[in-house]
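J.: need a 3D model of the following:
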Amino acid sequence: MIRQTAVKPLDRQKKIMEGLQRNNDKYKNDPYAKEFGISLSGTMTKLTGRILDPPSIEYRDNGKDKNIVNINKTNPGKWFQDKNTYLNGADVSNWAVLDMAQLNDGQYKEVVQGFVTVGKENGIKFGGVDKVMKVKVSMKDMDEALATIEDHLVRIGHHFQAAGSKLDFVLIIFAFKAGSLYDKIKHLGDMKLNISTQCCLKANLYKGGNLSKQVVANVCMKINSKLGGINHVLSKGCRPNILKRPVMIMGADVSHPAPECRSFKPSIAAVVASVEPKAVNYEVQVRIQDMGLESNEEVIKDMKEVTRNLLLKFFEKNNGRKPEKIVMFRDGCSEGQFLTVLAKELMAMREACMELEEGYQPPITYLVVQKRHHTRFFPSDTNKYRNGNALAGTVVDQGINHPTEGDFYLLSHEGIQGTSRPCHYQVLWDDNNMTADELEVLAYYLCHLYSRCSRSVSYPTPTYYAHLVADRARKHHNELAQFDCGSSSGYSAGSGKMTESERRKIKEVVERGVEKPMYFV
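T.: Here you go, the predicted model:
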């Protein structure tokens, strides 16, 4: 799909210019436009941007002084881990493989050995082949697979319990993509059985016929995060000043149902907050909010309680230290709702702080992050990738920005396919009096902390995580309400007929959340 629809930057530029030319020809001959003296420029606006220096990334110090990786300034947006190991690797002594792809004995041993070897290189201690429990299940009959998956997972849990050990995680290998089965597994693992699960496709593991070490390494990054490890952090030398004192970085997103499901599917709000100085591990709060049939409700209604809970978690994790500052990156908010969202949510956050302690008023910086806009940058000099996209770290904060409100465009990722879309950051409130430069660097550096890959991503990590949490909560809600989970907006015949008490119960379960931290990665 993406390959078919992606348009290369130069082709995109050509298309835009052709469209502009056609429109201009109409305007030139239009009597009304002539009368009012309206004319359009036939060229794109020329802007002066700048490119922020990338941060350096820190891995575990193995005494060889090579644990700092410097990102190439001429080719930013990615880095190579080389022989470095995760800053904090997890121990996976007891794990199981649920084989739904009918691997033969040779392939099964190869996969397990692959995870043990790659894990060791990256800093995860996997238990060897003899420690792994193997369960074989067929995916040929999907109804049967859906009906029996819970029994298989329970059996795996009991097996380790009987041996007096704790199950660390289950690796599930699919023969093909199966959305409904994936949703069910995640619901069981997250909400019901409290088991960490990692799903992957056999076709991806065996790219090109042999076991792909690269794919295994990518999966290991996710496993390490789910089990409470830390993959990489910003090196001490380049950490933004704001992170040198106790600060809580928050991300928020609201996910809405498809228009045809508004009558019976709620909106789901997710808020995440960092609880340590490295801004890598996040705590999560989810809220289900029924919204009007007419329009989507953007405001997170229970923001006061959400902030209060997150502040308490920060307090608990930092031995009784309170955040001195709060920075919020808010996603999923359109321009027409800026003032409403700001007024209600900012006040709620303030109230939460005051409620916890008399006179506790940490300065709050509140930014909205938007990606749904039509602004594109085409570099006119050599500061671009081979495919013509602008370099990661490109910032434009003058020329097309609001004259009085602080806003900037930041392109923080390497566009591999199609034309890169920069993120638009609007500073709605800033008690911390941060300079434009400090905000831009903080946003750009946070894009490097996404734990799934060794690349800079297009959104700041907290916003990305809030999006993932809202997505996962939607799956949990669908499972509990027994909606047809073929898609996030699909529904079955009887799904709308839920009683009020059932709705309340589901709301309670989803909002109670998941015990395991970083489960959504």
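J.: backbone dihedrals for S263, please?
T.: phi -70, psi -20 (degrees, to the nearest 10).
J.: ok, it to V272 distance?
T.: Distance, S263 to V272, using Cβ to Cβ, to the nearest Å: 29 Å. Every residue, glycine included, has its C-beta placed from N, CA and C.
J.: more neighbours: these two, which one.
T.: Neighbours were counted for S263 and for V272 using other Cβ atoms under 10 Å; V272 has more, 30 against 9.
J.: quick one, phi psi at that one?
T.: Per-residue torsions, V272: phi -120, psi 150 (degrees, to the nearest 10).
J.: skipping adjacent residues, who's closest to it in space?
T.: Nearest residue to V272, sequence neighbours excluded (Cβ to Cβ, 6 or more residues apart in numbering): Y282, at 4.2 Å.
J.: do the same with N94
T.: Nearest non-adjacent residue to N94, counting by Cβ to Cβ, 6+ apart: S165, 4.9 Å away.
J.: what about the one you found, neighbour count?
T.: Residues lying near S165 (other Cβ under 10 Å) number 13.
J.: got it, and the one 3 residues further on?
T.: In terms of burial, D168 registers 20 neighbours under the definition other Cβ under 10 Å.
J.: the one 5 residues further on now?
T.: By other Cβ under 10 Å, the residues close to I173 number 21.
J.: secondary structure class of it, three-state.
T.: Secondary structure assignment for I173 (DSSP: H, G, I helix; E, B strand; the rest coil): strand.
J.: tell me how far it lies from T419.
T.: Counting by Cβ to Cβ, the gap from I173 to T419 is 36 Å.
J.: relative to T419, how far out is M1?
T.: 16 Å.
J.: the two: which has the busier surroundings?
T.: T419 (21 against 5).
J.: so that one sits against L10, correct?
T.: No: using Cβ atoms under 8 Å, T419 is not in contact with L10; the gap is 9.2 Å.
J.: in the stretch 151-300 of the chain, where is pLDDT below threshold?
T.: Across the stretch 151-300 of the chain, the ranges flagged by pLDDT under 70 are 291-296.
J.: ok, which stretches of it are helices?
T.: 179-187, 202-205, 213-226 (DSSP state H, counting those that start in this stretch).
J.: using CSV, please lay out these together with distance to P323 and mean neighbour count.
T.: Output for the helices of the stretch 151-300 of the chain, formatted as CSV (distance: least, Cβ to Cβ, whole Å; neighbours: other Cβ atoms under 10 Å):
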stretch, distance to P323, mean neighbour count
helix 179-187, 31, 19
helix 202-205, 40, 16
helix 213-226, 23, 19
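J.: could you dump those helices into JSON lines with distance to Q107 added?
T.: Output for those, formatted as JSON lines (distance: least, Cβ to Cβ, whole Å):
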{"stretch": "helix 179-187", "distance to Q107": "21"}
{"stretch": "helix 202-205", "distance to Q107": "8"}
{"stretch": "helix 213-226", "distance to Q107": "13"}
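J.: and P31, which of these is closest to it?
T.: helix 179-187 (56.0 Å; Cβ to Cβ).
J.: A348 and E355, how far apart?
T.: In this view, A348 and E355 are 10 Å apart by Cβ to Cβ.
J.: overlap of the contact sets of these two?
T.: Common contact partners of A348 and E355 (Cβ atoms under 8 Å, 6 or more residues apart in numbering): K304.
J.: who's more crowded, those two?
T.: Of the pair A348 and E355, A348 is the one with more neighbours under other Cβ under 10 Å, namely 19 against 14.
J.: V427 is nearest to which of the helices of the stretch 151-300 of the chain?
T.: With Cβ to Cβ as the criterion, V427 lies closest to helix 213-226 of these, at 29.7 Å.
J.: which SS class is A443?
T.: Three-state call for A443 (three-state DSSP): helix.
J.: now do the contacts for the residue nearest to it when sequence neighbours are not counted.
T.: Counting by Cβ to Cβ, 6+ apart, A443 lies nearest to P460, which is 5.3 Å off, once chain neighbours are set aside. Applying Cβ under 8 Å, 6+ apart to P460 gives the contacts 251, 329, 369, 443, 446-447.
J.: next one: Q102
T.: 136, 138, 175.
J.: now do the same contact list for the second one.
T.: I take that to be S138. 100, 102, 144-145.
J.: can you say which two of these are spatially most distant?
T.: Pairwise distances across these (Cβ to Cβ) peak at 14.7 Å, for the pair Q102 and E144.
J.: coming back round to it: the residue nearest to N94 against V92, yeah?
T.: No: using Cβ under 8 Å, S165 is not in contact with V92, being 11.8 Å away.
J.: the residue nearest the centre of the chain and F329: what is the separation?
T.: In the chain, the residue lying closest to the centroid (Cα atoms, centre = their mean) is Y464, at 2.7 Å. Separation of Y464 from F329 (Cβ to Cβ) stands at 9 Å.
J.: and K371, by the same measure?
T.: Distance from K371 to F329, by Cβ to Cβ: 12 Å.
J.: more crowded one of those two?
T.: F329 (27 against 12).
J.: if I've got this straight, the more buried one is in a strand?
T.: Yes: counting by three-state DSSP, F329 is part of a strand.
J.: let's number from 21 now, not from 1
T.: In the new numbering, first residue 21, that becomes F349.
J.: thought it was touching T483?
T.: Yes: F349 lies in contact with T483 (Cβ under 8 Å); the separation is 4.7 Å.
J.: mutual contacts of the two, please.
T.: With Cβ under 8 Å, 6+ apart, F349 and T483 have common neighbours 271-272, 389.
J.: for those, which single residue is the most surrounded?
T.: Compared across these, A272 has the highest neighbour count, 30 neighbours, by other Cβ under 10 Å.
J.: for that residue, what are its contacts?
T.: For A272, the contact set (Cβ under 8 Å, 6+ apart) comprises 289-292, 320, 348-352, 365, 483, 486.
J.: who's N90 bridged to?
T.: S76 (DSSP bridges).
J.: quick check: neighbours shared by Y484 and F349?
T.: G271.
J.: okay if I get the contacts of A272 as a markdown table plus distance to L67?
T.: Below are the contacts of A272 laid out as a markdown table (distance: Cβ to Cβ, whole Å):
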| residue | distance to L67 |
| --- | --- |
| A289 | 35 |
| A290 | 34 |
| V291 | 34 |
| V292 | 33 |
| I320 | 34 |
| M348 | 28 |
| F349 | 24 |
| R350 | 26 |
| D351 | 25 |
| G352 | 27 |
| E365 | 32 |
| T483 | 25 |
| A486 | 30 |
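J.: looking at those, which one is closest to F428?
T.: F349 (13.4 Å).
J.: one step back: and of the contacts of A272, the nearest to R175?
T.: The closest of the contacts of A272, once distances to R175 are taken by Cβ to Cβ, is A290, at 32.2 Å.
J.: enumerate every residue touching that closest one.
T.: Counting by Cβ under 8 Å, 6+ apart, A290 has contacts 272-275, 304-307, 486-487, 489-490, 493.
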